[in-house]
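3D, please:
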Amino acid sequence: PTERLYKKVVENKFASKVIESTFAEARWKVGQLVTLGSAAPTTTPWGVSLYKMRGSKGTIVAVDAAPVRSAARKSKVYKVLFFGHAIPVLVEERWLKQAR
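Below you'll find the model as predicted:
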């Protein structure tokens with residue numbers, strides 16, 4: 001690519017936030033108990049409904065389970081297995097909180 005195109009793709013403010021979030025230290029570790037926060041959407045960008053999982057606890061199965069897709073803070077992606085559900089779900093870090 002040309003230098004101008006490279007700067008447009010890599011050095012814009014959204015790309016720098018995604019890169020920063022990708023290399024940030026993970027807040028949750030594998031095996032920790034979490035639950036969905038009130039800010040969690042009803043469906044994820046990956047097409048999975050989180051509506052039935054509200055209020056249930058889960059455990060972190062994998063950290064950095066998918067590439068970061070959002071330029072928001074705390075957008076690292078985790079794979080979470082909620083208790084009572086058979087399939088793990090991809091959830092962004094900003095939608096999780098520690099289970100009590």
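
And the contacts of the lengthiest helix in the chain?
Criterion DSSP state H: the longest helix present in the chain is helix 13-23. Helix 13-23 is contacted from outside by 9, 64, 67-76, using C-beta atoms under 8 Å, 6 or more residues apart in numbering. Any C-beta I mention is one placed from the backbone N, CA and C, and that applies to glycine too.

same thing but 10 Å
The contact list for helix 13-23 (C-beta atoms under 10 Å, 6 or more residues apart in numbering) reads 8-12, 64, 67-77, 92-94.

quick one: low-confidence ranges for this protein?
Residue ranges of the chain with pLDDT under 70: none are present.

Any of the contacts of helix 13-23 buried? List them.
Buried by 16 or more other C-beta atoms under 10 Å: 68, 70-71, 75-77, 92-94, out of these.

So which of these is the closest to residue 3?
Taking C-beta to C-beta as the measure, residue 3 lies nearest residue 71 of the buried ones among the contacts of helix 13-23, at 23.1 Å.
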